[in-house]
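K.L.:
What shape does this take:
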Amino acid sequence: MSFLQLVRREMRGSLRKLLLMSSLGGISSAAILAAINAGAQAADQGKGPSLWAASLFVVSLYLFMKTQIYVTTTITGEIEAVIHRLRLRLVDQIRHSELLAIEQIGRSRFVGAIASDAAILAQASNTLCYSVQAPILLAFVGVYVAYLSFPAFVLSVIIVGLAGTVFHFRSRRLTEERTAASEQERHFLSRLTDFLDGFKEVRMHAGRSADLFDDAVEASEESANIKIRVQAATFRLIASSQAYMYLLLAIVVFVAPLFSDSAGNASITKTTTALLFVIGAFFGLVQSIPVLLNANAAADRLAKLEVDLRQTASAEAASDRLPVRFDTIEMRNVVFQYTDQHSDTAFQIGPLDFTLQKGDLVFVTGGNGSGKSTFLRVLAGLYPIDSGEIRLDGVRVNGNNLNAYRALMSAIFFDYHLFRRLYGINDTDPVEVSRLLRQFRLEDKTGLSNGEFRTLELSGGQRRRLALIVSLLEKRPILLLDEWTAEQDPEFRKKFYAELLPAMMQAGVTVVAITHDDRYLDELDLPGRRIRMDEGRIVDERSILA
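P.N.:
Model (predicted):
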């Protein structure tokens, strides 16, 4: 999809009015040129200033200013509105998409589209204004040239058309190069994300730091080299186009008079002046093409991202009446398979049979890579199963009730994100929040004001405590925890098993927790189950006796 197609599809204003004002701008430009020529001719003939030429100039200049202001402000406003709608639409599609698709698309592509590509479209707004007006201007000045000298007009059409055709086809060949440069830019952005997200790991390992930096250097250099090649080729095209225009002037001056007996010196002078006007507009149009090509590439990437998101977005409408209770969740012969698109490595969990009753306490154990976290994501409805079924109170979970199923659960995954505001949690009780902060020993670290935490600058263990407070404030019947105690100190880890878990069970919360704390499980004085996973399957299940 081209930039112009995107703007035309998305714009809300009147396209006809915009074209009308652009046409008036072209007419007024041609009229300004005619008025200046007429005034100059009158002065050359000793007639003194031409009143009608001066009047035409004033009126045309007024129309030109008015139309220019209207067209530029309208197009700029439309493009900013288009970018605004695109961003919101992409964010909306992201929030309705599925986790697996988001992981496969990759964060760098989202950031590049919403930040970089949107910025490219915004920067192209002024260029678009000129590219809309320039062809209309050239058309009306062309009519004026035809009036002055038809042979000069024919020669101008041939040479300008030839130059434009050559530029167009050569520019199309550069599109793939621009796309390749964008891919390298995204690769570099991905490496930058690695530096920021993995900063601790980078600082702890000099070899990793050096290799990652070399990878970033390679991506940046490749992107720069491609851009240099593209820009050099573009500048050669621009220089060739300028040469074509100067050739046009020479032909009009030296050749056009041979085909027209009536073309006197005055006519040649007027025609040359008009063509200088054309050449200036043409040069501006040609120089705007690289900007438009970049905008075309950005618009195309945004359109493709929208298509990819649309294919995975959930069609289920949000419901104001979400379930607040359940009795049984059953997983029967559930299989989930995942293939890494970069390494072609396949991973599978299942077949799995698992039942979760209201009020259950279930601990999931197993070695690294045994499938525990993937199991938790499948249970949460974040990963789509390939076979088998999940039933909620006897009803099969599918696309029609998936959001309602998810609404039963709060989750703190290992790679959780802590939001500064309590999004989606309304009417919190300040007394309850204060009690929870004291219970989790965070009252001196942060607090809640107008639904927003004072600070999130906390240690890893403290952040997990705050995340658990948020989950408890959601008051959902099921709580999923993935290695929640991993960053807790021994004292608070013991508090979790001895105090917090019993309080949750007494409140009727159903808990499924991934853990490696075998010692605490052996000492736990709560009824529950312990399942062990290996190679994606449940290989053992036993009760924890009170």
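K.L.:
Strands of the stretch 101-250 of the chain, start to end?
P.N.:
Under the criterion DSSP state E, counting those that start in this stretch, the stretch 101-250 of the chain carries no strands.
K.L.:
Output the below-cut-off pLDDT ranges for it.
P.N.:
Confidence mapping of the stretch 101-250 of the chain against pLDDT under 70 gives the ranges 130, 168, 170-176, 178-179, 182, 238.
K.L.:
Ok, the stretch 251-400 of the chain next?
P.N.:
Scanning the stretch 251-400 of the chain for pLDDT under 70 picks out the ranges 255-268, 286-287, 313-323, 340-345.
K.L.:
ok, residue 184 touching residue 219?
P.N.:
Yes - the pair residue 184 and residue 219 passes the contact test of Cβ atoms under 8 Å, sitting 5.2 Å apart. Just so you know, the C-beta spots here come from the backbone N, C-alpha and C atoms, and that holds for glycine as well.
K.L.:
what sits against the closest residue to residue 329 other than its chain neighbours?
P.N.:
Residue nearest to residue 329 in three dimensions, not counting chain neighbours: residue 356, with 4.4 Å by Cβ to Cβ, 6 or more residues apart in numbering. The neighbourhood of residue 356, defined by Cβ atoms under 8 Å, 6 or more residues apart in numbering, consists of 328-330, 362, 379, 478, 510, 512.
K.L.:
quick check, nearest of these to residue 300?
P.N.:
When those are ranked by distance to residue 300 (Cβ to Cβ), residue 379 comes first, at 38.9 Å.
K.L.:
what's around the closest one, how many residues?
P.N.:
23 (other Cβ atoms under 10 Å).
K.L.:
distance of it from residue 482?
P.N.:
Look at residue 379 and residue 482: by Cβ to Cβ, to the nearest Å, they are 11 Å apart.
K.L.:
and if you look at residue 386?
P.N.:
Using Cβ to Cβ, residue 386 is found at 22 Å from residue 482.
K.L.:
try residue 40
P.N.:
Going from residue 40 to residue 482 by Cβ to Cβ gives 81 Å.
K.L.:
Could you check which of the two is surrounded by more residues?
P.N.:
When neighbours are counted by other Cβ under 10 Å, residue 482 comes out ahead of the other of residue 40 and residue 482, with 22 against 16.
K.L.:
is it true that that one touches residue 380?
P.N.:
No - Residue 482 is beyond contact range of residue 380, at 10.0 Å (criterion: Cβ under 8 Å).
K.L.:
the helices in the stretch 301-450 of the chain, which residues?
P.N.:
For the stretch 301-450 of the chain, the helices defined by DSSP state H, counting those that start in this stretch occupy 372-379, 402-406, 430-439.
K.L.:
what mean pLDDT does the second one have?
P.N.:
I take that to be helix 402-406. Mean pLDDT, computed over helix 402-406, is 89.
K.L.:
Return the distance of it from the chain's centre.
P.N.:
Relative to its chain's centre, helix 402-406 lies at 27 Å (Cα atoms, centre = their mean, to the nearest Å).
K.L.:
do the same with stretch 119-132
P.N.:
Taking Cα atoms, centre = their mean, the mean C-alpha location of stretch 119-132 is offset from the chain mean by 19 Å.
K.L.:
how about that stretch: buried residues?
P.N.:
Using 16 or more other Cβ atoms under 10 Å as the test for burial, stretch 119-132 gives 120-122, 124-125, 127-132.
K.L.:
For the contacts of residue 356, pick the one with the most neighbours.
P.N.:
Highest neighbour count within the contacts of residue 356: residue 512, with 25 neighbours (other Cβ under 10 Å).
K.L.:
Quickly list the domain ranges of the chain.
P.N.:
As given by automatic domain parsing, the domain ranges for the chain are 3-312, 328-544.
K.L.:
which ones are touching residue 166?
P.N.:
Residues in contact with residue 166 (Cβ under 8 Å, 6+ apart) are 237, 240-241.
K.L.:
Selecting buried members of those in PyMOL, what would you type?
P.N.:
Restricted to buried positions by 16+ other Cβ under 10 Å, the PyMOL selection for those reads:
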select buried, resi 237+241
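K.L.:
Could I get the contacts of residue 166 in TSV, plus columns for distance to residue 82?
P.N.:
Converted to TSV, the contacts of residue 166 look like this (distance: Cβ to Cβ, whole Å):
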residue	distance to residue 82
237	28
240	33
241	30
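K.L.:
Tell me what the nearest residue to residue 414 once chain neighbours are set aside is bridged to.
P.N.:
The shortest distance from residue 414 to any non-neighbouring residue, by Cβ to Cβ, 6+ apart, is to residue 482 (4.5 Å). Residue 482 has these beta-bridge partners by DSSP bridges: residue 514.
K.L.:
For residue 482, give me the pLDDT.
P.N.:
pLDDT, read off for residue 482, is 94.
K.L.:
swap in the one 5 residues further on?
P.N.:
In the predicted model, residue 487 carries a pLDDT score of 87.
K.L.:
quick one, what contacts it?
P.N.:
Neighbour list for residue 487: 459-461, 464 [criterion: Cβ under 8 Å, 6+ apart].
K.L.:
Just the closest of the residues you listed to residue 283, please.
P.N.:
Nearest to residue 283 among the contacts of residue 487 is residue 460, at 59.1 Å by Cβ to Cβ.
K.L.:
Could you report the separation of the closest one from residue 480?
P.N.:
The gap separating residue 460 from residue 480 is 19 Å, by Cβ to Cβ.
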